[in-house]
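A.B. asks: kindly generate the corresponding structure for this input.
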Amino acid sequence: MELDGIEGYARYWLREPKTLSFEDMLEAAADAAYTITKVELELQGNTSRADCEHCAGEVSLLTIPETGQRFELAGEVPAGQSLRGIFDVSNWEGEHPQITLQTPLDR
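C.D. replies: As a prediction, the model looks like this:
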């Protein structure tokens with residue numbers, strides 16, 4: 001874990017792949033008297049398409065092979081690709097989080 005009170009950020013890394021819960025992240029931050037203002041994730045997974053009840057249509061997904069967790073990708077991303085990068089997370093405090101590729105990383 002890395003904390004910088006001057007710059008105002010906290011970073012942490014997981015040693016083993018684990019399913020992420022944005023609700024648990026918000027609760028842990030509140031318990032420590034922190035406020036989350038931005039969430040970025042470094043992820044590697046496989047893209048696919050599926051129906052989304054919130055969007056009332058088909059969306060792009062990134063599935064993390066080690067955990068099976070799926071993240072909705074903002075925008076149109078072709079299915080069947082391996083994708084690794086740093087993603088911005090929007091609506092992490094709501095019921096419909098989405099990720100947007102910020103920085104692609106080499107595989």
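
A.B. asks: please name the nearest non-neighbouring residue to residue 52.
C.D. replies: Distances taken as CB to CB, 6 or more residues apart in numbering place residue 59 nearest to residue 52, at 4.4 Å, with adjacent residues excluded. Placement of C-beta: from N, CA and C, glycine included.

A.B. asks: would you enumerate the residues in contact with residue 21?
C.D. replies: By CB atoms under 8 Å, 6 or more residues apart in numbering, no residues touch residue 21.

A.B. asks: am I right that residue 23 is in a strand?
C.D. replies: No - counting by DSSP: H, G, I helix; E, B strand; the rest coil, residue 23 is not part of a strand but helix.

A.B. asks: neighbours of it, just the number please.
C.D. replies: Per other CB atoms under 10 Å, the neighbour tally for residue 23 reads 11.

A.B. asks: could you measure it against residue 61, distance?
C.D. replies: As judged by CB to CB, to the nearest Å, residue 23 and residue 61 stand 20 Å apart.

A.B. asks: and for residue 95?
C.D. replies: Distance check for residue 95 against residue 61: by CB to CB, it reads 16 Å.
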